[in-house]
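A.B. asks: Got a sequence here, can you model it:
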Amino acid sequence: MSASPDMIHPLQPFAPANRGPVRALTASAASGGEAGLRFRYVLEADLSVLRIPARRPPRQAAELWQHTCFEAFIAGAANGGGYLELNFSPSTEWAAYSFASYRTGMTAVALPDPPRIEVTRSQAELAVIAHVGGRAVLPEAWRAQGTKLRIALSAVIEDAGGGISYWALRHAPEKPDFHHPSGFVIEIGSP
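C.D. replies: This is a model prediction of the structure:
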């Protein structure tokens, strides 16, 4: 599905009966031209019964997906198998990884310009917007004018008891797997 700027997509839980306190979770991906890529996630829920990481100084961190975290996966339009994974925590910590193919060749990516993560929170809504410089994260071949990127958006939501629910645009058939090729359903122009 092609995405117009700020087209909002609902994320679905892997186990629909396990919605827990989440009323809705939406996400969008947009190309901001020279400004890079922008990912926006809005979680509507009783936040008092969720574990939301506290704000920390922005930095690259590992294993953010073990707690409430929002994720974007990016692949070039040509199905060469390589892709990127970006993790954005409400703490403003982030992670970036490249993969040579499906779940293989994982390499941490050090970004010269770290993502700028904006977090707003009320009693019933958490919004996370991540701005990522396209030149900093995308391989050169993916930045050519007219190139399309395939995007998968997902989230891990942790409840107060430590239970995890997995949310995505489209899930793999047998288990939660954000890396699965079936999840790359949004198409946007490269910045």
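A.B. asks: make it CA atoms for all contacts and neighbour counts henceforth
C.D. replies: OK.
A.B. asks: helices or strands up against the helix or strand bottoming out on mean pLDDT in the chain?
C.D. replies: The helix or strand of the chain with the lowest confidence, counting by mean pLDDT, DSSP states H and E, is helix 134-137 at a mean of 79. Using 3 or more Cα pairs under 8 Å, 6 or more residues apart in numbering; DSSP states H and E as the contact criterion, no secondary-structure element is in contact with helix 134-137.
A.B. asks: ok, Arg51 - contacts?
C.D. replies: 67-68, 157-160, 162 (Cα atoms under 8 Å, 6 or more residues apart in numbering).
A.B. asks: Also Ser28?
C.D. replies: So Ser28 contacts 6-9, 39-41, 153 (Cα under 8 Å, 6+ apart).
A.B. asks: Buried subset of the contacts of Arg51, written for PyMOL?
C.D. replies: Per 16 or more other Cα atoms under 10 Å, the buried members of the contacts of Arg51 correspond to this PyMOL selection:
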select buried, resi 67+68+157+158+159
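A.B. asks: Closest one to His131 out of the contacts of Arg51, please.
C.D. replies: Thr68 (18.6 Å; Cα to Cα).
A.B. asks: for the closest one, phi and psi?
C.D. replies: Dihedral pair for Thr68: phi -50, psi 120, per degrees, to the nearest 10.
A.B. asks: For it, which non-adjacent residue is closest in space?
C.D. replies: Nearest residue to Thr68 in three dimensions, chain neighbours excluded: Ile157, at 4.4 Å (Cα to Cα, 6 or more residues apart in numbering).
A.B. asks: And for Ala62?
C.D. replies: Closest residue in space to Ala62, ignoring its immediate chain neighbours: Ala95 at 6.4 Å, by Cα to Cα, 6+ apart.
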